[in-house]
Each structure stands twice: as structure tokens, then as C-alpha cells.
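Asker: Predicted coordinates and the sequence they were generated for:
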Amino acid sequence: MRTRVTFLRRDAGGRNNPPQSLRYSTVARFRTGDQWSVVLDFDRVPTWEPCDCEVRLLIPDGPDWLLLSPFELLEGSRRVATVVPLPIAKTDTPVMRSEPSSLQHALWVDRQLPIQEWHAPT
């Protein structure tokens, strides 16, 4: 999932510096209250400016539909970044690993994407 990450500075409760590599892994806290380990692969080394990246759950069979709504990154109990999913291009087809729940459906509606664009892999 393509996302835009904004790291919080230390004076806002965040980090001393943004990560200094193209790959970063930490815990994400989602709107549902769930917490999952995530891996972020940045297009460039992150700065304090919002930066784009690919994000995925560390566990391949995890509920990847959680990535469809904004969430935050944690280091311990400290919030260090906010993450916002980028719009999915019309030519892209989201692929989910399980049938959509009513919550997933609500997330799709929240993102203003037609539910018809959802499909499960064969």
C-alpha cells in the first residue's frame, strides 16, 4: 500500500531524527485499536518533510485492510509518526487476502472507493 509518512520531531513527542535508511520497521496503531508490526520501504531516505513509501504488515497473513485508513507509528508507547494511505489509482485493483467485513466495507466507503473494486485473489 502506498502511503505518506510524517515523522514527529522530538519537541512534538517524536524522534530525535527521522530513520536514516530506506527500510524501517516498527509497531503501528490503527483506528480499531489494533497494533501490528509494519515494514516501510521508502522511496528516499526520510526527512522531516512528509515522505512516500510502501507499507505492509510484517506478518504476511495479517489483516492488511487496516492499512486502508490513517494510522500512527509507535516506538514503545511513544507516537513517532502519522501515516496516511495515498489514493489508489483507477488502474490499480486492491487485493485483499480475505472476505471484507462490515468494518472493511466501511473503510472502503470512508475512502470513497467503490466496493466493486474490491476482489479476492483466486
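Answerer: Okay, I see it.

Asker: does the spatially most central residue of the chain sit in a helix, a strand or a coil?
Answerer: In the chain, the residue lying closest to the centroid (CA atoms, centre = their mean) is Leu67, at 4.2 Å. At Leu67 the chain is in helix, as set by DSSP: H, G, I helix; E, B strand; the rest coil.

Asker: which residues touch it?
Answerer: Contact analysis of Leu67 by CB atoms under 8 Å, 6 or more residues apart in numbering lists Met1, Thr3, Val38, Val55, Arg56, Leu57, Pro85. Quick note: C-beta positions are derived from backbone N, CA and C, even for glycine.

Asker: do that again at 10 Å, thanks
Answerer: By CB atoms under 10 Å, 6 or more residues apart in numbering, Leu67 lies in contact with 1-3, 28, 30, 36, 38, 55-57, 83, 85, 94, 107.

Asker: pLDDT score for it?
Answerer: pLDDT, Leu67: 95.

Asker: Okay, it and Arg44: tell me how far apart.
Answerer: In this view, Leu67 and Arg44 are 21 Å apart by CB to CB, to the nearest Å.

Asker: I'm done for today, thanks for sticking with me.
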